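Undergrad: my questions concern the predicted model and sequence given below.
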Number of protein chains: 2
Amino acid sequence: MELRAFQDLMARTYGARDRERGTAASVAWLVEEVGELAQAVRKGGDDARLHELGDVLAWLASIADQLGLSLDDAARRYADGCPRCSALPCECP
Amino acid sequence: MELRAFQDLMARTYGARDRERGTAASVAWLVEEVGELAQAVRKGGDDARLHELGDVLAWLASIADQLGLSLDDAARRYADGCPRCSALPCECP
């Protein structure tokens, strides 16, 4: 799936409600989902891990959308390798 | 950018080092970046926000990769609308 398509899908599915909550509440939800992902990484199976990866990604897309920004643009910062050392693979010390 | 292409790019750029660190350290890095995103949402400009969105996405891709899972598969859970209520837009109470 394209990052732009995913962000658009999240906006159509949850955008109205998320915008009503606002970015601070959305950041709080993101943190909650990151906690659930941490637990799934530590002791979950593949289904739980995939579920939580998706939930974190969904909140990230929602926050980007509320900020008027694009996850696709954010990803493109890495398109030519590590943005710090400009190497691929990264050669940062 | 396709989610699969982004995850593959992250694996080629940082995979060897991230795998050496392991998933627990990668979850810790993810949390650090989520904190930086929270700060950028609260008081940053668009450049800082886009930067931090990308960093969170990068760590999420790294963790998925180390777990042998795909962010694209995770995203597809939302393809037909909200996975809880099956509606688009979401109609969860």
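TA: That came through fine.

Undergrad: host element of A:Asp72?
TA: helix A:71-76 (DSSP states H and E).

Undergrad: next, the buried residues of that helix.
TA: A:71-75 (16 or more other CB atoms under 10 Å in any protein chain shown). Bear in mind the C-beta positions are built from the backbone N, C-alpha and C, glycine included.

Undergrad: among these, which one sits closest to chain B?
TA: Closest approach to chain B among those (CB to the nearest CB): A:Ala74, at 3.6 Å.

Undergrad: now do that closest one, the pLDDT please.
TA: Looking at A:Ala74, its pLDDT reads 98.

Undergrad: excluding sequence neighbours, find me the nearest residue to it.
TA: B:Gly54 (3.6 Å; CB to CB, 6 or more residues apart in numbering or on different chains).

Undergrad: for the one you found, which residues are in contact?
TA: A:74-75, A:77-78 (CB atoms under 8 Å, 6 or more residues apart in numbering or on different chains).

Undergrad: and what of A:Glu91?
TA: Neighbours of A:Glu91 in contact, by CB under 8 Å, 6+ apart: A:82, A:85.

Undergrad: that one is in what secondary structure piece?
TA: Using DSSP H and E, no helix or strand contains A:Glu91.

Undergrad: circling back to that earlier point, the inter-axis angle of the host helix or strand of the residue nearest to A:Ala74 versus helix A:46-66?
TA: Using DSSP H and E, B:Gly54 sits in helix B:46-66. Orientation check (axes from the mean of the first three to the mean of the last three CA atoms, to 10 degrees): helix B:46-66 against helix A:46-66 gives 170 degrees.

Undergrad: I'd like the average pLDDT over helix B:46-66.
TA: 97.

Undergrad: any buried residues in it, and which?
TA: Counting neighbours by 16+ other CB under 10 Å, helix B:46-66 gives B:49-66 as buried.
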